[in-house]
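Visitor: Predicted model and sequence below, questions to follow.
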Amino acid sequence: MPIPITHVTPSGRDVMYDHRAQQAGLSVTVHHEDGGTTEWLLVLTPGQVELYRIQLEQLIEQRQKAQEGMP
């Protein structure tokens, strides 16, 4: 029986882009309930990369505002 996953984190390695497949790859670490980890590759389409870019920019802006004491 598979061990349940608790969360996934970026592995901190360089991202890859395959121009023929038009996909990006991001190395991630999958964390399991028993404390074990597994390395995987998260494959993203160009649209997903763009969406996550926008969302990450929003998170960075929210963090900056919080650090400055703004709501």
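Guide: Sure, I can see it. Numbers count the residues shown, from 1 in each chain.
Visitor: low-scoring pLDDT stretches of this protein, where are they?
Guide: Applying pLDDT under 70 to the chain picks out residues 70-71.
Visitor: Would you point out which residue is most central in it?
Guide: For the chain, the residue nearest the mean C-alpha position is P10 (5.3 Å; C-alpha atoms, centre = their mean).
Visitor: That residue touches L26, doesn't it?
Guide: Yes: taking contacts as C-beta atoms under 8 Å, P10 lies within contact range of L26: 6.4 Å. Using the backbone N, CA and C atoms, a C-beta is placed for each residue, glycine as well.
Visitor: Which strands or helices does the longest strand along the chain pack on?
Guide: The longest strand of the chain (DSSP state E) is strand 23-32. Under the contact definition 3 or more C-beta pairs under 8 Å, 6 or more residues apart in numbering; DSSP states H and E, strand 23-32 sits against strand 5-10, strand 16-18, strand 37-44, helix 46-67.
Visitor: Columns distance to V30 on top of those, output as a markdown table?
Guide: A markdown table is the format used below for the helices and strands packed on strand 23-32 (distance: least, C-beta to C-beta, whole Å):
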| stretch | distance to V30 |
| --- | --- |
| strand 5-10 | 5 |
| strand 16-18 | 18 |
| strand 37-44 | 4 |
| helix 46-67 | 18 |
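Visitor: and G12, what is it in contact with?
Guide: Residues near G12 by C-beta atoms under 8 Å, 6 or more residues apart in numbering: S27.
Visitor: mind running it again at 10 Å?
Guide: Residues in contact with G12 (C-beta atoms under 10 Å, 6 or more residues apart in numbering) are 27-29.
Visitor: In a helix, it, correct?
Guide: No: assessed with DSSP: H, G, I helix; E, B strand; the rest coil, G12 is coil; it does not lie in a helix.
Visitor: measure it to L26 for me?
Guide: To L26, G12 is 10 Å away according to C-beta to C-beta, to the nearest Å.
Visitor: and if you look at M16?
Guide: 8 Å.
Visitor: what is in contact with those two at once?
Guide: 41, 43.
Visitor: which of those two has more neighbours?
Guide: Counted by other C-beta atoms under 10 Å, M16 and L26 do not tie: L26 has more neighbours, with 17 against 12.
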